[in-house]
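Colleague: Have a look at this fold, sequence not included:
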Ligand SMILES: CN1CCC[C@H](Cn2ccc3ccc(-c4n[nH]c(N)c4C#N)cc32)C1
């Protein structure tokens, strides 16, 4: 596969949604491999304990280090099949020396904020591993240890608080996998979309031309493709100025026509 994705979670069924639709098809086509691991499979006490109370006191529980290290070592050791089919490293070398290190993404409110640029960067990598925390998070020593075996990326999907890393991982996996060539049916649909080139997308319409008395903008029925392209760009500029002026300020290649649309 072009990319292997592993996810570790105490709620593996949360990630089942990814098997549907586009990503499911890409997995069936062998473009993507997605493996979800239950953290509790790496506990061996009677209660499959994954958490304990925080040193120093405070509310909530902390996820214990050992299960996480065992789960991540299982994945490093090829437990995800990510390395299957790769030429086995010659004796004595470790993967990190032979290939590039896998990328470990740790969803966290304290992470770098995920955006389309980061999605594009991650889409070019071979092996992504997502560590989904719950409770108050994961013992810091796991993160410190993981930094020696992975390229470590603490990542937040936005400035609001969730209860765990699963939803954040699904957001990032969807944003990344749709950028992998062939995963999205028509690569054309990856252009001129919001955040791809810094402008929000233009309004879209389909049949009927008159719906409950509301007409489709005339220009779109004209067949004049240059005029339609201009109209669409004007709508993108207008919408971005209205909804996300912060994005507009980042643009430095506005044409004369663009500026006219913003007057
Ligand atoms: C009250 N406490 C505060 C700290 C976090 C605790 C819940 N939690 C445990 C693991 C974990 C992972 C990610 C996120 C998260 N929140 N917001 C985002 N954008 C995230 C992302 N990515 C949240 C998480 C709840």
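Modeller: Thanks, I have the structure now. The structure displayed is predicted, hence computed values, not measured ones.
Colleague: Once you drop chain neighbours, what's closest to the residue of the stretch 151-263 of the chain found nearest the ligand?
Modeller: Nearest to the ligand, among the residues of the stretch 151-263 of the chain, is residue 168, at 3.3 Å (CB to the nearest ligand atom). For glycine as for every other residue, the C-beta is placed from the backbone atoms N, C-alpha and C. Closest residue in space to residue 168, ignoring its immediate chain neighbours: residue 107 at 3.7 Å, by CB to CB, 6 or more residues apart in numbering.
Colleague: So which residues on the stretch 101-250 of the chain come close to the ligand?
Modeller: For the stretch 101-250 of the chain, the contact set with the ligand under CB under 6 Å from any ligand atom comprises 107-109, 133-134, 136-137, 156-158, 160-165, 168.
Colleague: now the helices: where do they sit in the chain?
Modeller: For the chain, the helices defined by DSSP state H occupy 21-28, 65-74, 95-98, 116-123, 140-146, 166-177, 225-243, 245-250, 256-262.
Colleague: looking at the protein, which helix or strand is least sure?
Modeller: Least confident helix or strand, the chain: helix 95-98 with a mean of 46, by mean pLDDT, DSSP states H and E.
Colleague: Any idea how far stretch 158-170 is from the middle of the chain?
Modeller: A distance of 11 Å separates the C-alpha centroid of stretch 158-170 from that of its chain, computed with CA atoms, centre = their mean, to the nearest Å.
Colleague: Could you list the buried residues of it?
Modeller: 164, 165, 166, 167, 168, 169, 170 (16 or more other CB atoms under 10 Å).
Colleague: What pLDDT is listed against the last one?
Modeller: When you say that, I think you mean residue 170. pLDDT, the model's per-residue confidence, is 96 for residue 170.
Colleague: my guess is it contacts residue 18, does it?
Modeller: Yes. Counting by CB atoms under 8 Å, residue 170 touches residue 18, with 6.1 Å between them.
Colleague: Spit out the residues that contact the two alike.
Modeller: Shared contacts of residue 170 and residue 18, defined by CB atoms under 8 Å, 6 or more residues apart in numbering, are absent.
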